[in-house]
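1. Sequence first, predicted model second:
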Amino acid sequence: MEYIIRKGEPKDLQDAFRLVMELAIYEKGEHNVSNTPEKMLADGFGENPVFEFFVAETVAEKPEIVGMALTYVRYSTWRGKCLWLEDLIISEPYRQFGLGKKLLDNVIKRAIETEMGLVIWQVLDWNTPAINFYKKCGAVLEPEWINCVVYPEKLQTWQFGKF
């Protein structure tokens, strides 16, 4: 089967969200998803877009989106503009066909075109297939960095000015 990689469009958001949910289920975190295709439409294609994405689509009589890579710009005081790869998702039946590498290649090309200081992303420490894939691609996995997160329920009870 043939595939194309192209920039995501508003019409792709239902399929993109389906892939997000597939990933959330794989990571046993579907109960944490509060995003919707409607929010993604506003956030990605509204007045001030905050992300862009690429899709992997089958070339067939009825094309199907089977993968995506969603990115946004973040800023590093050390490196300047950086491209953050939020998710790289390939639907399970379509893995092992090189689509992940093709999507990652497009992310890297985008970083070069937009003069990013680096491309950065996260991978769960138990996701051995993804870890092995990223290592094979030449990514450096930096074990000394720890993620810090404030979740919505804590935002509402944040103790300003107190310890």
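-> Okay, I see it. Predicted model, so just to flag it, every value in this text is computed and none were measured.

2. Show me the helices in the protein, by range?
-> 13-26, 37-45, 99-113, 128-137, 152-155 (DSSP state H).

3. What lies in contact with the longest one?
-> This points to helix 99-113. Helix 99-113 is contacted from outside by 3, 5, 52, 54, 56, 66-69, 71, 83, 85, 88, 90, 118-119, 133, 137, using Cβ atoms under 8 Å, 6 or more residues apart in numbering. To be clear about C-beta, it is placed using only N, CA and C from the backbone, and glycine gets the same treatment.

4. Is it possible to get a markdown table of the helices of the chain that adds mean neighbour count?
-> Below are the helices of the chain laid out as a markdown table (neighbours: other Cβ atoms under 10 Å):
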| stretch | mean neighbour count |
| --- | --- |
| helix 13-26 | 17 |
| helix 37-45 | 15 |
| helix 99-113 | 17 |
| helix 128-137 | 13 |
| helix 152-155 | 8 |
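
5. Lowest mean pLDDT across these, which one is that?
-> Ranked by mean pLDDT, these bottom out at helix 152-155, with a mean of 88.

6. what's the offset of it from the middle of its chain?
-> Put simply, helix 152-155 sits 23 Å off its chain's centre (Cα atoms, centre = their mean, to the nearest Å).

7. what are the C-alpha coordinates of that helix, in PDB please?
-> The C-alpha coordinates for helix 152-155 follow below in PDB (Å, rounded to 0.1, in the frame of the first residue of the first chain):
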ATOM      1  CA  PRO A 152      -5.900  21.300  36.200                       C
ATOM      2  CA  GLU A 153      -7.200  20.100  39.600                       C
ATOM      3  CA  LYS A 154      -4.000  21.700  41.200                       C
ATOM      4  CA  LEU A 155      -4.300  24.900  39.300                       C
END
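
8. Can you spell out which helices and strands pack onto it?
-> Packing partners of helix 152-155 (3 or more Cβ pairs under 8 Å, 6 or more residues apart in numbering; DSSP states H and E): none among the helices and strands.

9. Which residues lie in contact with Glu86 in this structure?
-> Glu86 is in contact with Phe51, Leu70, Thr71, Tyr72, Trp121, counting by Cβ under 8 Å, 6+ apart.

10. burial of the closest residue to the fourth one other than its chain neighbours, as a residue count?
-> The one in question is Tyr72. Distances taken as Cβ to Cβ, 6 or more residues apart in numbering place Phe51 nearest to Tyr72, at 4.4 Å, with adjacent residues excluded. Neighbourhood size, Phe51 [other Cβ atoms under 10 Å]: 15.
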